[in-house]
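>>> need coordinates for the following:
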Amino acid sequence: MDLSPKTPPDRSEGDGGAGASPDKRLPRAFSQLEFTVAPEDEGARLDILLARFPEIGSRSQAAALIEEGCVTVEERKRPKSFRVEAGSRVVARLKAEESLRLVPEQLFVPVVFEDERLIVVDKPAGMVTHPSRGHASGTLVHALLSRGIGGGEAFRPGIVHRLDRDTSGLIIAAKDSATHRRLSALIREKELTRVYLALVHGNLSAQEGTVDAPVGRDTARRKTMTIGGAGCRSAVTHFRVVERAGDFTLVEVHLETGRTHQIRVHFLAIGHPVAGDPVYARRDPLGLGRQFLHSHRMGFVHPWTQEAIELVSPLPLDLERALAGLRGSAEVGPG
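This next block holds a predicted model:
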């Protein structure tokens, strides 16, 4: 289904509906980042916490903003080493050149489910989820703006979770602030199920298992994540073998948490990096051109109607072809 423009429903009444017309909402630019420190970020350094936001981009950029007096915590300037408290309000004023303008773009993204409150789409590989440095256009947010997404941060309206650029599959977005809060609560309370399909190098010895290891920023390679690392947070990944094909294993992966690059980092840590991953595997014997990682299934109870929603996205053609090639050339066994 093409994401052509349409007028969002009127939700001016009731629980926090957006109620804004496209003309009032777009185009829109943001010049500052505002957020409340989450409980799980209690005690984090201010510069490390800010660096997690893509519109800031790095710890050094966060430190520069802090040193220039562009960041306040509870309306007071703090040093970059300041340890934040849960519930504190942080405001970071961005420089003009760091501002991003959000305008709708005609980009094709298949819609899997949609109603007046939320939308689930099948994101193609190669599409960034939301604007950030180096990605001022062509993102999923730009594709969804005309569908009336809203709630959350100004630079990523409607987005409650993300997929890496070259990870394909199901992703959900809210259409108003109240729905954004409820979807975020579902994720926080682990009531939104996310299941991925991943092809990993090697033959996993276990039929199923769990990787429980904190993930944080790699201080030596700032664009990558690692076990431990700066600002690390708890991360739990469950997996089950679906199929064995020669030197590869197809696994079904269930995320209990959703850290940046979590699946890719966890499978690298146990010696089975995701096939085709240019960052963590650094080899691509199947010629995939991207990691074999797909958001395959999503399940949740609709936050307004209480309807049980179960959605499935089949493997895209490039990944299906690679898997079929393995089946045709290697000894294949069931999971």
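>>> for the most centrally placed residue in the chain, which non-adjacent residue is closest in space?
Centroid check for the chain by CA atoms, centre = their mean gives Arg162 as the closest residue, at 1.5 Å. Nearest residue to Arg162 in three dimensions, chain neighbours excluded: Thr129, at 4.0 Å (CB to CB, 6 or more residues apart in numbering). Using the backbone N, CA and C atoms, a C-beta is placed for each residue, glycine as well.
>>> burial check on that neighbour, number of neighbours?
21 (other CB atoms under 10 Å).
>>> report the contact partners of Gly138.
Glu105, Leu107, Met127, Val128 (CB atoms under 8 Å, 6 or more residues apart in numbering).
>>> which ones among the residues you listed lie within helices?
Under the assignment DSSP state H, the contacts of Gly138 contribute nothing to helices.
>>> and the residues you listed, which is closest to Ala62?
The closest of the contacts of Gly138 to Ala62 turns out to be Val128 (CB to CB; 20.5 Å).
>>> so how far is Asp164 from that closest one?
Here the criterion is CB to CB, to the nearest Å. By it, Val128 lies 9 Å from Asp164.
>>> and if you look at Gly43?
Going from Gly43 to Asp164 by CB to CB gives 28 Å.
>>> more crowded one of the two?
For Gly43 and Asp164, the more surrounded residue by other CB under 10 Å is Asp164, and the numbers stand at 20 against 11.
>>> so what's that one up against?
Asp164 touches His261, Arg264, Gln291, Leu293, counting by CB under 8 Å, 6+ apart.
>>> go again with 10 Å.
The neighbours of Asp164, taking CB atoms under 10 Å, 6 or more residues apart in numbering as the test, are 123, 125, 128-129, 260-264, 277, 279, 290-291, 293.
>>> which phi and psi does it have?
When read as degrees, to the nearest 10, the backbone of Asp164 gives phi -60, psi 160.
>>> all the strands of the stretch 51-200 of the chain, in order from the start?
71-73, 76-77, 89-93, 101-102, 111-114, 118-123, 168-174, 193-201 (DSSP state E, counting those that start in this stretch).
>>> need these in JSON lines (columns: mean neighbour count).
Putting the strands of the stretch 51-200 of the chain into JSON lines (neighbours: other CB atoms under 10 Å) gives the following:
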{"stretch": "strand 71-73", "mean neighbour count": "20"}
{"stretch": "strand 76-77", "mean neighbour count": "10"}
{"stretch": "strand 89-93", "mean neighbour count": "16"}
{"stretch": "strand 101-102", "mean neighbour count": "18"}
{"stretch": "strand 111-114", "mean neighbour count": "16"}
{"stretch": "strand 118-123", "mean neighbour count": "22"}
{"stretch": "strand 168-174", "mean neighbour count": "26"}
{"stretch": "strand 193-201", "mean neighbour count": "22"}
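>>> Gly216: which of the ones you listed is closest?
Among those, strand 89-93 comes nearest to Gly216, with 19.4 Å by CB to CB.
>>> list the neighbouring strands of that closest one plus their orientation.
Its sheet considered, strand 89-93 pairs with strand 32-36 (antiparallel), strand 71-73 (antiparallel) by DSSP bridges.
>>> looking at these, which is nearest to Ile119?
Nearest of the strands paired with strand 89-93 (CB to CB): strand 32-36, 23.3 Å.
>>> what's the average pLDDT for that closest one?
Strand 32-36 carries an average pLDDT of 84.
>>> need the CA coordinates for it. PDB is fine.
Coordinates of each C-alpha in strand 32-36 appear next as PDB, following Å, rounded to 0.1, in the frame of the first residue of the first chain:
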ATOM      1  CA  GLN A  32      15.700  22.000  21.100                       C
ATOM      2  CA  LEU A  33      15.500  18.600  22.700                       C
ATOM      3  CA  GLU A  34      13.400  18.100  25.900                       C
ATOM      4  CA  PHE A  35      12.900  14.900  27.800                       C
ATOM      5  CA  THR A  36      12.300  13.600  31.300                       C
END
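>>> hmm, Arg59 and Arg222 touching each other?
Yes - contact status for Arg222 versus Arg59: in contact at 7.3 Å, counting by CB atoms under 10 Å.
>>> tell me if I'm right that Arg240 and Ala198 touch.
No - using CB under 10 Å, Arg240 makes no contact with Ala198, being 11.1 Å away.
>>> what's the overlap in contacts for these two?
Contact with both Arg240 and Ala198 is made by residues Val251, Glu252, Val253, according to CB under 10 Å, 6+ apart.
>>> now, which of those sits nearest Arg83?
Using CB to CB, the shared contacts of Arg240 and Ala198 come closest to Arg83 at Val253, 33.6 Å.
>>> give me the beta-bridge partners of the closest one?
Assigned bridge partners for Val253, using DSSP bridges, are Tyr196, Phe239.
>>> who are the contact partners of it?
With contacts defined as CB under 10 Å, 6+ apart, Val253 is in contact with 194-198, 200, 211, 237-240, 242, 262-263, 266-267, 274, 293-296.
>>> quick revisit: and which of the shared contacts of Arg240 and Ala198 is nearest to Gly228?
Proximity of the shared contacts of Arg240 and Ala198 to Gly228 was ranked by CB to CB; the top entry is Val253 with 21.0 Å.
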